[in-house]
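Asker: based on what follows, work out the 3D shape:
(one chain, ligands or ions: 2)
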Amino acid sequence: MPKVLVSDSLSPRAVEIFKARGVEVDVKTGLKPDELAAIIGEYDGLAIRSATKVTKEILDVATNLKVVGRAGIGVDNVDVPYASQKGVVVMNTPFGNAITTAEHAIAMMFALARQIPQANASTHASKWEKSRFMGVELTGKTLGIIGCGNIGSIVATRAIGLRMKVLAFDPFLTPDRAVDLGVEKVELDDLIARADIISLHTPLTDKTRGILDAEAIGRMKKGVRIINCARGGLIDEAALKAALESGHVAGAALDVFEKEPAKDNPLFGLDTVVCTPHLGASTSEAQENVALQVAEQISDFLLTGAVTNALNMPSVTAEEAPRLRPYMKLCDQLGGFAGQITETGIRTVRIEYQGGVAGLNTKPLTATLLRGLLSPLLEAVNMVSAPIVARDRGIEVLETKTETCRDYHSLIKLEVTTERQTRGVEGTLFGDALPRIVDINGIGVEAELGADMLYLINDDKPGFIGSLGTTIGEAGINIASFHLGRAKEGGQAICLLQVDGPVPEEALAAVSALPHVVQAKALKF
Ligand SMILES: NC(=O)C1=CN([C@@H]2O[C@H](COP(=O)(O)OP(=O)(O)OC[C@H]3O[C@@H](n4cnc5c(N)ncnc54)[C@H](O)[C@@H]3O)[C@@H](O)[C@H]2O)C=CC1
Ligand SMILES: O=C(O)CCC(=O)C(=O)O
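Answerer: Numbers count the residues shown, from 1 in each chain. Ligands and ions are numbered 1, 2, ... in the order given. Sure, this is the predicted structure:
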């Protein structure tokens, strides 16, 4: 039974779901990094919010970990590239808390416009300062949204409902989507110069870090108000403080801070600043949504192999997973075969899916082929990291799909071009379940791959098979199955032998030394 750790406070629904799905679950919140490191090795899955930091150090000792599920959107508390290297799938729940967070941004906008928190504190203090809290009306004001994805676009539609004019800066926002939303798509400089209120809704990346720095703030309208319910590092806090103190910025509403938990921050104590402790996602509805989703996603992955909302792996639905499984086995074998007979640097990998398989989700199949191909050549490559490793090494991966297939229901062709040559291997499924290699370098075979194989390229000469059998027999190796193929009579031939155990080096050397042998390799699957 797979075992999951819930290390941040999640709705109890998550635990109920894990248990109902047959996943063992422990809840241990508030762990220090060394405490998490001491126990993480026991778990197959980890369910988190933002408090747990899934660092390199944690991933290095997470020897059984297969999946990290973030009950929420931002995964900046997870070292995703390193998790990919380690083969750990990282998932989030991209929609579960979007409405709630957008509503928080709108609430912050009202809080700023009418100074509600300050007026509330003053009234509680029996001051009745009616003339101190002169607000601004939102109707007719211009809201500039930076990052118009899930949350930004919900904020936009709510703001339009408030009769505001909405500008959006987002390089990935299409003009059609902007029209559908009713926003004006603009460049950042334009937004900064025109907005009365600016609300941030981008992830924190190298490009967005400090997107509102001293220079950007300096170019804003005097009296601008700024809302940040996304991530702390998006605003230069020192620059914001200076602009608030000079009166250039009239107010800021911040849910997120450069350093969290924010117990001590340069902006604390300023009368023009409204703060909440990263509450954007904190409604019972959103927490229920994300807990439920993350528990389902983690359980699906651990129990069925279905992949939903992963940041570092192609999606596989629960329906697809059982159909893909035999093809994944075939891809593993095709990739592993090609990888083990490849000796020089790979330049190009061509994958062709023919027939029925072309209609399936082939992304996980390609990831499996690449894993199989690269595993014999590189250490610790897995399905998650293989496509990244291939790209980083400049290996061109070309994928084509053809719905027709001449001889089989489905055929997967893998062709690998190295510095020296191009080699190909093709495979199919018998009875929709049993992987078979049907072609190696243009020579037809029909081979089932076992754990230990002996692969030979030889000249097609009389007596060769006999001498091969004798040599192998003398080495004490039992042959389980024997597959032959040749290009033409007397031409180049291949032998693929399934043997009962690893082929010792001396036996391989004896086979290699036989007359007519061009190449001999011991393969493992
Ligand atoms: N305060 C809180 O509790 C919460 C905060 N968040 C934060 O909100 C962020 C946004 O969430 P979603 O809208 O769901 O994400 P999303 O991925 O749907 O939208 C983000 C948008 O930012 C855009 N973007 C990326 N780089 C940009 C750049 N350089 N300039 C302008 N736009 C850029 C993207 O194209 C995308 O449309 C999350 O990354 C997370 O950090 C999310 C949930 C709760
Ligand atoms: O889990 C939380 O409270 C924070 C939510 C958040 O920041 C996110 O989903 O990105």
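
Asker: from here on, just use CA atoms for contacts and neighbour counts.
Answerer: Fine.

Asker: before we move on, what SS does the residue of the stretch 101-250 of the chain found nearest ligand 2 have?
Answerer: At 7.0 Å from ligand 2, residue 230 is the closest residue in the stretch 101-250 of the chain, using C-alpha to the nearest ligand atom. Secondary structure for residue 230, judged by DSSP: H, G, I helix; E, B strand; the rest coil, is coil.

Asker: that one contacts residue 201, correct?
Answerer: Yes. At 5.2 Å, residue 230 counts as touching residue 201 under the criterion of C-alpha atoms under 8 Å.

Asker: how far does stretch 409-424 sit from the chain's center?
Answerer: Taking C-alpha atoms, centre = their mean, to the nearest Å, one finds the center of stretch 409-424 at 27 Å from the center of the full chain.

Asker: need the contact partners of it.
Answerer: Contacts made with stretch 409-424 from outside it, assessed by C-alpha atoms under 8 Å, 6 or more residues apart in numbering, are listed as 331, 334-335, 338, 342, 344-358, 405, 425-429, 439-442.

Asker: out of those, which are buried?
Answerer: Buried subset of the contacts of stretch 409-424 (neighbour count, 16 or more other C-alpha atoms under 10 Å): 331, 334-335, 338, 342, 346-349, 351-358, 405, 425-429, 439-440.

Asker: let's see which of these end up in helices.
Answerer: With helices taken from DSSP state H, the overlap with those comprises 331, 334-335, 338.

Asker: please list which of those also come close to ligand 2.
Answerer: Applying C-alpha under 6 Å from any ligand atom to these, one finds that nothing falls near ligand 2.

Asker: okay if I get those residues as a markdown table plus pLDDT and distance to residue 70?
Answerer: As requested, those are exported to a markdown table (pLDDT from 0 to 100; distance: C-alpha to C-alpha, whole Å):
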| residue | pLDDT | distance to residue 70 |
| --- | --- | --- |
| 331 | 96 | 30 |
| 334 | 97 | 34 |
| 335 | 96 | 32 |
| 338 | 95 | 36 |
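
Asker: now do the residue of the stretch 101-250 of the chain closest to ligand 2, the pLDDT please.
Answerer: According to the prediction, residue 230 has pLDDT 97.

Asker: and if you look at residue 354?
Answerer: Per-residue confidence for residue 354 comes out at a pLDDT of 97.

Asker: that one contacts residue 405, doesn't it?
Answerer: Yes. Proximity of residue 354 to residue 405 meets the contact threshold set by C-alpha under 8 Å, at 5.3 Å.

Asker: before we move on, the earlier item: from the contacts of stretch 409-424, which land in strands?
Answerer: Secondary-structure check on the contacts of stretch 409-424 using DSSP state E: residues within strands are 346-355, 425-429, 439-440.

Asker: the residue in the stretch 301-450 of the chain that ligand 1 sits nearest to: neighbouring residues, count only.
Answerer: With C-alpha to the nearest ligand atom as the measure, residue 311 is the residue of the stretch 301-450 of the chain nearest to ligand 1, at 11.2 Å. Other residues near residue 311 number 16, with proximity taken as other C-alpha atoms under 10 Å.

Asker: that one touches residue 90, doesn't it?
Answerer: Yes. With contact defined as C-alpha under 8 Å, residue 311 counts as touching residue 90 (5.7 Å).

Asker: what do the two both touch?
Answerer: Joint contacts of residue 311 and residue 90 (C-alpha under 8 Å, 6+ apart) are residue 80.

Asker: setting aside sequence neighbours, what's the nearest residue to residue 199?
Answerer: Using C-alpha to C-alpha, 6 or more residues apart in numbering and skipping the chain neighbours, the partner closest in space to residue 199 is residue 227 (4.6 Å).

Asker: the helix or strand harbouring that neighbour and ligand 1, are they touching?
Answerer: Following DSSP states H and E, one finds residue 227 within strand 224-228. No. Contact of strand 224-228 with ligand 1 is not found when judged by C-alpha under 6 Å from any ligand atom; the minimum separation is 7.9 Å.

Asker: quick one: buried residues of that strand?
Answerer: Judged by neighbour count using 16+ other C-alpha under 10 Å, the buried positions of strand 224-228 are 224-228.

Asker: will you turn those residues into JSON lines that also has distance to residue 113?
Answerer: Output for these, formatted as JSON lines (distance: C-alpha to C-alpha, whole Å):
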{"residue": "224", "distance to residue 113": "11"}
{"residue": "225", "distance to residue 113": "8"}
{"residue": "226", "distance to residue 113": "11"}
{"residue": "227", "distance to residue 113": "11"}
{"residue": "228", "distance to residue 113": "15"}
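
Asker: what's the pLDDT at the closest residue to residue 162 other than its chain neighbours?
Answerer: Using C-alpha to C-alpha, 6+ apart and skipping the chain neighbours, the partner closest in space to residue 162 is residue 139 (6.1 Å). We have a pLDDT of 98 for residue 139.

Asker: before we move on, what SS does residue 139 have?
Answerer: Assignment for residue 139 (three-state DSSP): coil.

Asker: check contacts around it.
Answerer: 162-164.

Asker: tell me which parts of the stretch 301-450 of the chain are close to ligand 1?
Answerer: Proximity of the stretch 301-450 of the chain to ligand 1, by C-alpha under 6 Å from any ligand atom, involves no residues.

Asker: quick one: is the strand holding residue 227 near ligand 2?
Answerer: No. Against ligand 2, strand 224-228 shows no contacts by C-alpha under 6 Å from any ligand atom, the least distance being 11.4 Å.

Asker: need the residues that contact that strand.
Answerer: Applying C-alpha under 8 Å, 6+ apart, the external contacts of strand 224-228 come out as 105, 108-109, 112, 195-201, 248-256.

Asker: what are the boundaries of the strands in the stretch 151-300 of the chain?
Answerer: In the stretch 151-300 of the chain, the strands defined using DSSP state E, counting those that start in this stretch lie at 165-169, 184-185, 197-200, 224-228, 249-254, 273-275.

Asker: what pLDDT does residue 379 get?
Answerer: pLDDT for residue 379: 64.

Asker: quick one: low-confidence parts of the stretch 351-500 of the chain?
Answerer: Applying pLDDT under 70 to the stretch 351-500 of the chain flags the ranges 379-380.

Asker: how about a cut-off of 90?
Answerer: Judged by pLDDT under 90, the stretch 351-500 of the chain has its weakly predicted residues at 375-389, 392-394, 406-407, 419-420, 431-433, 450-451, 484, 486-492.

Asker: and the residue of it closest to ligand 2?
Answerer: At 22.5 Å from ligand 2, residue 384 is the closest residue in the stretch 351-500 of the chain, using C-alpha to the nearest ligand atom.

Asker: on the three-state scheme, that residue is what?
Answerer: The three-state label given to residue 384 by three-state DSSP is coil.

Asker: list the contacts of residue 475.
Answerer: Counted by C-alpha under 8 Å, 6+ apart, residue 475 has contacts residue 507.

Asker: secondary structure element for residue 436, which one?
Answerer: Assigning secondary structure by DSSP H and E places residue 436 in strand 434-440.

Asker: per-domain residue ranges of the protein.
Answerer: If you go by automatic domain parsing, the domain ranges for the chain are 1-96+281-313, 98-275, 314-441, 447-525.
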